[in-house]
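Student: got a sequence here, can you model it:
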Amino acid sequence: MFKKIFIPVILFVVFIFNGFCEEKTGAFVESLGIIKANVVYVRDKPDLDARRVRTFYEGAKIIVIGEQGKWYKVKVNNVRSGYALKKDISFKDTLGGSSESNSYFDKKLSLSVKSFIDRFNFNMIESDYFEKEGIVPVFKYKQLQVEDSTVKLELIYTTEMKRERVVSDNMSNPFSKELKHFMEVVIFKLINSPYENFHIEVFSNSTENNGSFKKYAEFSFDRKRVNFEKVKDFRGEVWNYVKTSSDVSEIFAKYPVKSKE
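Tutor: Numbers count the residues shown, from 1 in each chain. Below is the predicted model of the structure:
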């Protein structure tokens, strides 16, 4: 009954896990970085023991064309590239005495999250279950902001209905497991960004009939506290490192709608 939904969601999760530390260059838009360390060695491979191919000094500009784990892939010249540690590169430039923050990563992250939400909702709405039952849970993107290396993402947890129907307060959500997988992928998309702290707020339909929303759940995590080696090969669930406002097993257990009076 759920196969048109369950399989795509799992594939998304597997894709994120398998690609967690793989190189990302295809959809990676070039960005101008600034060397912030005293000396930076660009190496021919993302390895501290790899051969040095060029040296940059503090304040020098460098073009970033991809990323892999804790490394950025950078241009050495027009035909050659190499790898430099992310911690040694900043994305702020000073022009005419004013500091201008590069919004490249913010836009890239926002588009990535939006795209995934759209694909998830499409799979839900095109499912056989929706055709038969006329209701499925979906998410709406509200906003994503970055402040002091902290990503704040806001989502709306709601439903798509094919026809008018009554949904009781006690009606369980048959897709609670799929929605948990959905959130895992969102978390990994955030972790793959160059920021340190992450906070997700999920809102749902308000009890009032005024179109407003109430806070449904919160998720927060710190990159430094995530054991990437365990998580990426399934020895450690990502939920072991995420703080939630309520028990994970209870989140998404019910549809986010009220029965009509």
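Student: tell me, how many residues neighbour Ala217?
Tutor: Under the neighbour criterion other Cβ atoms under 10 Å, Ala217 is assigned a count of 19. (Glycine included, C-beta is placed from N, CA and C.)
Student: my bad, should have said Pro137
Tutor: Pro137 is flanked by 24 other residues according to other Cβ under 10 Å.
Student: wait, a strand at it?
Tutor: Yes: Pro137: assigned to a strand according to DSSP: H, G, I helix; E, B strand; the rest coil.
Student: hmm, Leu155 and it touching each other?
Tutor: No: using Cβ atoms under 8 Å, Pro137 makes no contact with Leu155, being 11.8 Å away.
Student: need the residues touching each of these two.
Tutor: Here Pro137 and Leu155 share no contacting residue, scored by Cβ atoms under 8 Å, 6 or more residues apart in numbering.
Student: which SSE is immediately downstream of the helix or strand bottoming out on mean pLDDT in the chain?
Tutor: Least confident helix or strand of the chain, by mean pLDDT, DSSP states H and E, is strand 98-101 with a mean of 36. The helix or strand immediately downstream of strand 98-101 is helix 104-125, counting by DSSP states H and E.
Student: which other helices and strands does that following helix contact?
Tutor: Contact here means 3 or more Cβ pairs under 8 Å, 6 or more residues apart in numbering; DSSP states H and E; on that basis helix 104-125 packs against helix 3-18, strand 135-147, strand 150-161, helix 176-191.
Student: separation between the most centrally placed residue in the chain and Ala253?
Tutor: In the chain, the residue lying closest to the centroid (Cα atoms, centre = their mean) is Lys189, at 2.5 Å. Computed with Cβ to Cβ, to the nearest Å, the distance linking Lys189 and Ala253 is 24 Å.
Student: over to Asp49?
Tutor: Distance of Asp49 to Ala253, given as Cβ to Cβ: 49 Å.
Student: neighbour count: these two, which is higher?
Tutor: In this view Asp49 and Ala253 are compared by other Cβ under 10 Å, and Ala253 has more residues nearby, 14 against 6.
Student: give me the neighbour count for the nearest residue to the more buried one once chain neighbours are set aside.
Tutor: Excluding the flanking residues, the one nearest Ala253 by Cβ to Cβ, 6 or more residues apart in numbering is Ser176, at 5.1 Å. Neighbourhood size, Ser176 [other Cβ under 10 Å]: 16.
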